[in-house]
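> What follows is a protein structure lacking sequence information:
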(Lines give C-alpha, C1' and ligand atoms only; values in the text may rest on other atoms or scores of the structure.)
Protein backbone atom coordinates (compact mmCIF):
# COMPACT_ATOMS: atom_id res chain seq x y z
CA UNK A 1 0.00 0.00 0.00
CA UNK A 2 1.27 3.45 -0.90
CA UNK A 3 2.12 5.69 2.06
CA UNK A 4 0.60 9.19 1.96
CA UNK A 5 2.17 12.03 3.92
CA UNK A 6 0.22 15.21 4.62
CA UNK A 7 2.08 18.40 5.46
CA UNK A 8 0.32 21.33 7.05
CA UNK A 9 2.44 24.40 6.64
CA UNK A 10 1.93 27.63 8.53
CA UNK A 11 4.24 30.43 7.49
CA UNK A 12 4.56 34.00 8.69
CA UNK A 13 3.26 36.39 6.03
CA UNK A 14 5.97 39.00 6.65
CA UNK A 15 9.53 39.10 7.93
CA UNK A 16 8.57 41.63 10.62
CA UNK A 17 8.94 39.87 13.99
CA UNK A 18 6.40 42.14 15.74
CA UNK A 19 3.46 41.00 13.59
CA UNK A 20 3.00 37.25 13.64
CA UNK A 21 0.50 36.22 10.93
CA UNK A 22 0.04 32.60 9.96
CA UNK A 23 -1.87 31.02 7.11
CA UNK A 24 -4.07 27.99 7.71
CA UNK A 25 -6.01 25.94 5.18
CA UNK A 26 -9.37 24.26 5.70
CA UNK A 27 -11.76 22.57 3.29
CA UNK A 28 -15.40 23.70 3.09
CA UNK A 29 -18.41 22.42 1.09
CA UNK A 30 -18.16 19.67 -1.51
CA UNK A 31 -18.39 20.87 -5.10
CA UNK A 32 -18.44 17.51 -6.89
CA UNK A 33 -21.03 17.50 -9.67
CA UNK A 34 -22.74 14.10 -9.41
CA UNK A 35 -24.84 14.71 -12.54
CA UNK A 36 -22.01 15.72 -14.89
CA UNK A 37 -22.33 12.58 -17.00
CA UNK A 38 -25.96 13.46 -17.85
CA UNK A 39 -25.25 17.15 -18.52
CA UNK A 40 -26.88 18.38 -15.31
CA UNK A 41 -25.62 19.87 -12.08
CA UNK A 42 -26.23 18.24 -8.71
CA UNK A 43 -24.14 18.48 -5.54
CA UNK A 44 -24.56 16.25 -2.48
CA UNK A 45 -24.92 18.96 0.18
CA UNK A 46 -21.83 18.08 2.22
CA UNK A 47 -20.93 21.30 4.04
CA UNK A 48 -17.47 20.54 5.43
CA UNK A 49 -14.63 18.09 4.78
CA UNK A 50 -14.22 15.56 7.60
CA UNK A 51 -11.43 13.01 7.07
CA UNK A 52 -12.27 9.30 7.41
CA UNK A 53 -8.90 8.37 8.88
CA UNK A 54 -6.00 9.68 10.89
CA UNK A 55 -3.65 12.28 9.43
CA UNK A 56 -0.99 10.60 7.33
CA UNK A 57 -3.18 7.66 6.26
CA UNK A 58 -4.76 7.27 2.83
CA UNK A 59 -8.22 7.64 4.40
CA UNK A 60 -7.31 11.16 5.53
CA UNK A 61 -7.96 12.34 1.96
CA UNK A 62 -11.51 10.90 1.81
CA UNK A 63 -14.48 12.72 3.36
CA UNK A 64 -16.41 10.74 5.99
CA UNK A 65 -19.67 12.55 5.13
CA UNK A 66 -19.79 12.25 1.33
CA UNK A 67 -16.95 9.80 0.44
CA UNK A 68 -15.45 12.29 -2.03
CA UNK A 69 -11.74 13.08 -2.29
CA UNK A 70 -10.55 16.21 -0.48
CA UNK A 71 -9.87 17.94 -3.83
CA UNK A 72 -13.64 18.19 -4.48
CA UNK A 73 -14.06 20.40 -1.41
CA UNK A 74 -13.61 24.17 -1.66
CA UNK A 75 -10.23 25.23 -0.25
CA UNK A 76 -10.36 28.15 2.19
CA UNK A 77 -7.14 29.97 3.08
CA UNK A 78 -7.32 31.91 6.34
CA UNK A 79 -4.73 34.46 7.44
CA UNK A 80 -4.43 34.91 11.17
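Right, received. Where do you want to start? It should be emphasised that the depicted structure is a prediction, and the values quoted were computed from it without experimental measurement.
> rest of the way, CA atoms for contacts and neighbours
OK.
> Give the ranges of residues in the chain that sit below the confidence cut-off.
Residue ranges of the chain with pLDDT under 70: 1-19.
> Quote the end-to-end distance of stretch 34-46.
12 Å (Cα to Cα, to the nearest Å).
> same check, this time on stretch 39-57
35 Å.
> Let's verify the residue nearest in space to the middle of the chain: helix, strand, or coil?
The residue lying closest to the centre of the chain (Cα atoms, centre = their mean) is residue 27, at 3.5 Å. Assigned with DSSP: H, G, I helix; E, B strand; the rest coil, residue 27 falls in the strand class.
> Distance of the nearest residue to it once chain neighbours are set aside relative to residue 20?
Using Cα to Cα, 6 or more residues apart in numbering and skipping residues adjacent in sequence, the residue nearest residue 27 is residue 75, 4.7 Å away. In this structure, residue 75 and residue 20 are 23 Å apart, going by Cα to Cα.
> Next, the residue nearest to residue 27: phi, psi?
The phi and psi values for residue 75, taken as degrees, to the nearest 10, are phi -90, psi 130.
> Correct me if wrong: it contacts residue 28.
Yes. Taking contacts as Cα atoms under 8 Å, residue 75 lies within contact range of residue 28: 6.3 Å.
> Now residue 62. Nearest residue, chain neighbours left out?
Spatially, and ignoring its direct neighbours in sequence, residue 62 is nearest to residue 69 (4.6 Å; Cα to Cα, 6+ apart).
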